[in-house]
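Enquirer: Take this sequence and fold it.
(one chain, ligands or ions: 1)
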Amino acid sequence: MLTLGEKIQTAPPLLPMLIEGQPFIDAQDELSVTEFMRKFGMPERINSEVFVAMAKALDFIDPDKLSMTVVLTAMNRFLNEDNGLQMAFLDGNQPDRVCAPMADHVKARGGDVVMNSPVKEIVVNDDGSIKHLLMRSGEEVVADEYVSAMPVDIMKRMVPKEWQNMPYFRQFDELEGIPVINLHMWFDRKLKAVDHLCFSRSPLLSVYADMSVTCKEYYDPEKSMLELVFAPCSPIAGGKTNWIAKTDEQIIDATMGELARLFPTEIAADDKWPSTKSQGPNGKATLRKYTVVKVPRSVYAAVPGRNKYRPGQRSPIPNLTMAGDWTSQNGGTLSSMTNDEMESVASKGAQWIKSTAQYK
Ligand SMILES: Cc1cc2nc3c(=O)[nH]c(=O)nc-3n(C[C@H](O)[C@H](O)[C@H](O)COP(=O)(O)OP(=O)(O)OC[C@H]3O[C@@H](n4cnc5c(N)ncnc54)[C@H](O)[C@@H]3O)c2cc1C
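Expert: Predicted structure coming up:
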């Protein structure tokens, strides 16, 4: 907890954010959270009390690596929107509860959703516009409008040589995804200390929750199932260790050690996990099974100075629109469009969805 004095010291640097809004927020992109904090005389303890957990929750990286723009954007939303700070869980798994209804929505309007069908190459016409997509299967997909929502690291490799000298595409080189590891851990009994979403200050863990409590589909009154984000997991994100290169067992052992430290009266000493060996006799919960999901290139690294390289969604290619969380929505496609323009894009999108069926 911050003292009253520390709270008072923290408030003034945030006033320009409230008064000037987005221009002030965007201008802080050259500073890391830690640099901003020191430049504006915020108390040092706000780093360990607030910013470590906040930075790792927002981009899975430490505050000395994260751009202050990210933190200020979130804070501004929390302060200005009635429901800005609400958290909620899906009542089940994402494929069934999010993706399936979206796919049904598209299909009900005559579109199609094709899975497991990666793009291999973007093939262009003489004028630089897209001729077709060459799929890894060898099929060609012809469309009226193409919308890419591929991650930045994939899109960088996909830029056709005809576009490579265009400044719009060159700026992609300045962006990259960070590695993230997601863990699912099933315990033999209920952990009582975790009953909601936790934003951790642990050096190894980011957000985590007991899904047996927070998510209807995984409800279990007897046994806990933790879902955790293991972060930072590489030097680019602030960590000292490249955890992506470690084995699943090494990652789980480190996590069990961290959980043992955080919940000393709950986690049992278990020979299988050496990092739990100093647990006392009160700890009873042992791990039944686990899954480790490593994503070597995940969300884009919002490190200082990157915001200016995020491309707008309206590309210089007439039949290509860029999407994805690494593209810039500020002044971009939707916000700068008139209603008529949006209608036109929406109808083109529908045509594109229909024309994905035109495989040659
Ligand atoms: C562990 C974790 C927890 C998160 N929690 C939250 C949260 O609670 N709230 C929140 O708002 N955000 C959260 N995020 C962030 C959020 O998941 C991302 O911002 C979001 O998924 C980005 O969406 P996207 O469509 O840009 O990219 P992605 O979801 O990464 O989609 C990119 C797609 O491109 C596809 N693709 C790749 N290569 C090809 C190819 N060659 N051809 C065709 N397709 C290809 C991929 O298969 C993928 O489906 C979380 C992220 C992580 C990693």
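Enquirer: isn't Val52 right next to Lys65, touching?
Expert: No. Counting by CB atoms under 8 Å, Val52 sits too far from Lys65 to count as a contact (11.4 Å). For the C-beta atoms, the positions are set from N, CA and C on the backbone; glycine is no exception.
Enquirer: Off-centre distance for stretch 90-109?
Expert: The chain centre lies 20 Å from the centre of stretch 90-109; the measure is CA atoms, centre = their mean, to the nearest Å.
Enquirer: Please enumerate the helices of the chain.
Expert: Listed in chain order, the helices of the chain (DSSP state H) span residues 4-10, 15-20, 22-27, 33-39, 45-46, 52-59, 68-80, 94, 100-108, 152-158, 167-170, 211-214, 248-262, 339-355.
Enquirer: would TSV of the ones you listed with mean pLDDT be doable?
Expert: Formatted as TSV, the entries for those read as follows, by pLDDT from 0 to 100:
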stretch	mean pLDDT
helix 4-10	85
helix 15-20	89
helix 22-27	92
helix 33-39	95
helix 45-46	91
helix 52-59	91
helix 68-80	90
helix 94	93
helix 100-108	97
helix 152-158	96
helix 167-170	97
helix 211-214	95
helix 248-262	96
helix 339-355	38
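Enquirer: of all those helices, which lies closest to the ligand?
Expert: When these are ranked by proximity to the ligand, the top entry is helix 152-158, at 4.2 Å, counting by CB to the nearest ligand atom.
Enquirer: Going by contacts, tell me the helices and strands next to that closest one.
Expert: Based on contacts counted as 3 or more CB pairs under 8 Å, 6 or more residues apart in numbering; DSSP states H and E, the elements that helix 152-158 packs against are strand 119-124.
Enquirer: how close does Gln279 get to the ligand?
Expert: Distance, Gln279 to the ligand, using CB to the nearest ligand atom, to the nearest Å: 28 Å.
Enquirer: What of Asp270?
Expert: Applying CB to the nearest ligand atom, one obtains 26 Å for the distance of Asp270 from the ligand.
Enquirer: Quickly compare the helices of the chain and say which is most buried.
Expert: Stretch with highest mean neighbour count among the helices of the chain: helix 52-59 (a mean of 23; mean count of other CB atoms under 10 Å).
Enquirer: Tell me the gap between it and the middle of its chain.
Expert: For helix 52-59, the gap between its own C-alpha mean and the chain's C-alpha mean amounts to 11 Å (CA atoms, centre = their mean).
Enquirer: just stretch 323-330 next, same as before
Expert: Relative to its chain's centre, stretch 323-330 lies at 13 Å (CA atoms, centre = their mean).
Enquirer: does any part of it sit near the ligand?
Expert: Yes. Using CB under 6 Å from any ligand atom as the criterion, contacts between stretch 323-330 and the ligand involve 324-325.
Enquirer: next one: stretch 102-114
Expert: No. No part of stretch 102-114 sits close enough to the ligand to count as contact by CB under 6 Å from any ligand atom; the gap is at least 9.7 Å.
Enquirer: start to end distance for that stretch?
Expert: The stretch stretch 102-114 measures 13 Å between its terminal residues, going by CA to CA, to the nearest Å.
Enquirer: again, but for stretch 118-132
Expert: Terminal-residue distance, stretch 118-132 (CA to CA): 14 Å.
Enquirer: residues near Ser275, how many?
Expert: 20 (other CB atoms under 10 Å).
Enquirer: Could you find the closest non-adjacent residue to it?
Expert: Gly257 (2.8 Å; CB to CB, 6 or more residues apart in numbering).
Enquirer: Fine, thanks again, bye for now.
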